[in-house]
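>>> Predicted model and sequence below, questions to follow.
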Amino acid sequence: MTLQSRLRDVENRLEQACLRSGRQREDIKVIAVTKYVPADTAQAVVREGITHIGENRWPAAKAKWDVLKGQAVFHYIGSLQTNKVKDVIGKFDFIHSLDRLSLAEAIHIRAQALDIHVPCFLQVNVSGEQSKHGLAPEDVKTFITDLQRYERIHPVGLMTMAPYESEPEATRPIFRSLRQLKDDLNGMSILKEPLTELSMGMSNDFEVAVEEGATWVRLGTVLVGKEEIEEG
């Protein structure tokens, strides 16, 4: 399939998922996960109108950032080591993997130096898989309270990765739980501003994620044709 045909297919599937769940298509944004493809492929995706780019390592992302800065919004979607914060903050517009206070402190310090605020998703390990990063759902409330000391961090929502399932429907409880967690946290009024975003759903299960409230879906294989399960 060509890039254009893959995009048309994704758009049709998104629209159908919105129809099934009574949602508006404009409420869901697509992040093209380009970490396994070269810069020219990322450029082609942006030319076709997908202007949000997801990467998980600065060395691999640098070539894409160099040619697309000002044209694309960059999302850091992988686990971020504190010693890599200096390379990432100031170049990536969103961080999708904030899951520990040591990382929050490093982001805050770097953001202070650059005089910026950093929109962050809190990564939650809803499935409880040991192989996945993220906060346990029961720890998110305390984490949010502790984040208040870092004024340069702007929590915008929650992120999770569901287990890869041969039947995407099996991921529904994971996505539903994240949406419920967001609603519960907003009901506690522990944040200056409510969490509005849910980053969840990848190539194998994005339609289910949309039906359960995703506002950002992270798509690699279905967009750029690279056969990788772990898209971010």
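That came in fine, so what should we check first? Residues are numbered from 1 along each chain as shown.

>>> Report the contact partners of Glu165.
By Cβ atoms under 8 Å, 6 or more residues apart in numbering, the contact list for Glu165 reads 171, 204-205. The C-beta positions use only the backbone N, C-alpha and C, and glycine is treated the same way.

>>> export those to a markdown table and tack on pLDDT, neighbour count and distance to Glu15?
Below are the contacts of Glu165 laid out as a markdown table (pLDDT from 0 to 100; neighbours: other Cβ atoms under 10 Å; distance: Cβ to Cβ, whole Å):
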| residue | pLDDT | neighbour count | distance to Glu15 |
| --- | --- | --- | --- |
| Thr171 | 97 | 26 | 20 |
| Asn204 | 94 | 20 | 19 |
| Asp205 | 97 | 26 | 17 |
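
>>> Out of these, which comes closest to Lys62?
Asn204 (28.4 Å; Cβ to Cβ).

>>> any idea how far Val126 is from the closest one?
Separation of Asn204 from Val126 (Cβ to Cβ, to the nearest Å) stands at 16 Å.

>>> what's the answer for Gly157, then?
Relative to Val126, and taking Cβ to Cβ, Gly157 is found at 14 Å.

>>> Flag every buried residue along the lengthiest helix in the chain.
In the chain, ranked by residue count with DSSP state H as the criterion, the top helix is helix 3-21. Buried residues in helix 3-21, counting neighbours by 16 or more other Cβ atoms under 10 Å, are found at 3, 6-7, 10, 14, 17-18.

>>> Nearest spatial neighbour of Glu207, chain-adjacent residues omitted?
Spatial nearest neighbour of Glu207, excluding adjacent residues (Cβ to Cβ, 6 or more residues apart in numbering): Ala17 at 4.3 Å.

>>> List the residues that contact the one you found.
23, 206-208, 210-211.

>>> Pipe the contacts of Glu165 into JSON lines and attach distance to Arg152 per row.
Below are the contacts of Glu165 laid out as JSON lines (distance: Cβ to Cβ, whole Å):
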{"residue": "Thr171", "distance to Arg152": "34"}
{"residue": "Asn204", "distance to Arg152": "35"}
{"residue": "Asp205", "distance to Arg152": "33"}
